[in-house]
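> just coords:
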């Protein structure tokens, strides 16, 4: 029940753009389709089509010694880079993260056997393993 | 995604025709593999075989699975006959799941080398569709 003595607290959503919202559904973050950038399109293509383009990718083996952090992939020239990783010998548990400081089991992403990631420009992907693991990393960009 | 932080950002509508076709192909790939007549590609364990080659389409969707259900197989896929452990993607196939699919752009090839196949499997059924 409302207390008449208490002022109403209103937390408005920050306007994302200056133009008036024309979405009939009332989505405050809606944008016209024409405003989707090429980079965003490529992220979408990589995310959706990446797994179906793996056969045309470039694969390499990266051993991660026990207790060490290794750079697995780095997007230095693509709009979006699809990265697929699988352990050479199964089963294998390891940790991945975009920051080398986040590659321990407490603050990284724990992975079992395989993973998929999309990297934006300048982004890096690191791996860590307590017991040591060898990963096959495949990269595809479209 | 923040456009201000993206050094590769461009104005919209610059997406190439190939990129649009890849996107379309990826969306529809799961639902069109039954729209073509498959052919059987014989497979021998340890020997690379050419599964498919895109020599006349903008985008080609290739779906393949073992030809003798129920069956499973494990092997590696690649873009040429040089397929080695550690330099290729390992994939598992079985006939109780939808076929394994890949999208080929012009001139691209799909090669496969089998590591393990279950009894009765003599080859893979390959279906090719262009969206």
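Thanks, I have it. Keep in mind that this is a model prediction, so the values were computed, not measured.
> now for the longest strand anywhere in chain B, which elements pack on it?
The longest strand of chain B (DSSP state E) is strand B:109-117. Counting contacts by 3 or more CB pairs under 8 Å, 6 or more residues apart in numbering or on different chains; DSSP states H and E, strand B:109-117 packs against strand B:49-53, strand B:60-66, strand B:72-78. To be clear about C-beta, it is placed using only N, CA and C from the backbone, and glycine gets the same treatment.
> Tell me which of these lies nearest to residue A:90.
Across those, residue A:90 has its closest neighbour in strand B:72-78 (10.8 Å, CB to CB).
> is the closest one anywhere near chain A?
Yes. Judged by CB under 8 Å from any CB of the partner chain, strand B:72-78 comes into contact with chain A at B:77-78.
> Now find how far off-centre that strand is within its chain.
11 Å (CA atoms, centre = their mean, to the nearest Å).
> can you check stretch A:97-109 too?
On CA atoms, centre = their mean, the centre of stretch A:97-109 falls 13 Å from the chain's centre.
> How about stretch A:57-66?
From the chain centre to the centre of stretch A:57-66 is a distance of 19 Å (CA atoms, centre = their mean).
> List of residues touching that stretch?
A:70, A:72, A:82, A:84, A:88, A:94, A:127-140, B:78-79, B:86-89 (CB atoms under 8 Å, 6 or more residues apart in numbering or on different chains).
> Next, the contact list for residue B:35, please.
Taking CB under 8 Å, 6+ apart as the test, what residue B:35 contacts is residue B:129.
> ok, the closest residue to residue A:49 other than its chain neighbours - contacts?
The shortest distance from residue A:49 to any non-neighbouring residue, by CB to CB, 6 or more residues apart in numbering or on different chains, is to residue B:26 (3.6 Å). Contacts for residue B:26 were tallied using CB under 8 Å, 6+ apart; they are A:45, A:48-49, A:52, B:103.
> re the thing from before, go through the contacts of stretch A:57-66 and flag which are in helices.
Cross-referencing the contacts of stretch A:57-66 against helices under DSSP state H gives no overlap.
> Among those, the buried ones, what's the PyMOL command?
With 16 or more other CB atoms under 10 Å in any protein chain shown as the criterion, this PyMOL line picks the buried residues out of the contacts of stretch A:57-66:
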select buried, (chain A and resi 70+72+82+84+94+127+128+129+133+135+136+137+138+139+140) or (chain B and resi 78+79+88+89)
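> so where's chain A uncertain?
Low-confidence segments of chain A (pLDDT under 70): A:1-34.
> Give me every residue in it lying close to chain B.
Residues of chain A lying close to chain B (CB under 8 Å from any CB) are A:34-45, A:48-49, A:52-57, A:59-61, A:79, A:84, A:86, A:88, A:120-122, A:134, A:136, A:138, A:142.
> Each with direction, which strands does the next helix or strand after the longest strand of chain B pair with?
Counting by DSSP states H and E, the next helix or strand C-terminal to strand B:109-117 is strand B:123-129. When pairs are called by DSSP bridges, strand B:123-129 turns out to pair with strand B:39-42 (antiparallel), strand B:60-66 (antiparallel).
> burial of residue 100, as a residue count?
All of this is about chain A. Neighbour count for residue A:100, taken as other CB atoms under 10 Å in any protein chain shown: 14.
> Chain B was what I was after
Residue B:100, neighbours per other CB under 10 Å, totals 22.
> quick one on the thing from earlier: give me the average confidence score over the strand or helix carrying the residue nearest to residue A:49.
For residue B:26, the host element (DSSP H and E) is helix B:17-32. The average pLDDT within helix B:17-32 is 78.
> Span of stretch B:25-44 from start to end?
30 Å (CA to CA, to the nearest Å).
> now swap in stretch B:86-102 and tell me
Here the two ends of stretch B:86-102 are set 20 Å apart, with distance taken as CA to CA.
> Just the ones in helices from the residues of chain A next to chain B, please.
A:38-45, A:48-49.
> want to try a markdown table for those, with neighbour count as columns?
Formatted as a markdown table, these follow (neighbours: other CB atoms under 10 Å in any protein chain shown):
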| residue | neighbour count |
| --- | --- |
| A:38 | 19 |
| A:39 | 19 |
| A:40 | 18 |
| A:41 | 21 |
| A:42 | 23 |
| A:43 | 20 |
| A:44 | 16 |
| A:45 | 23 |
| A:48 | 17 |
| A:49 | 22 |
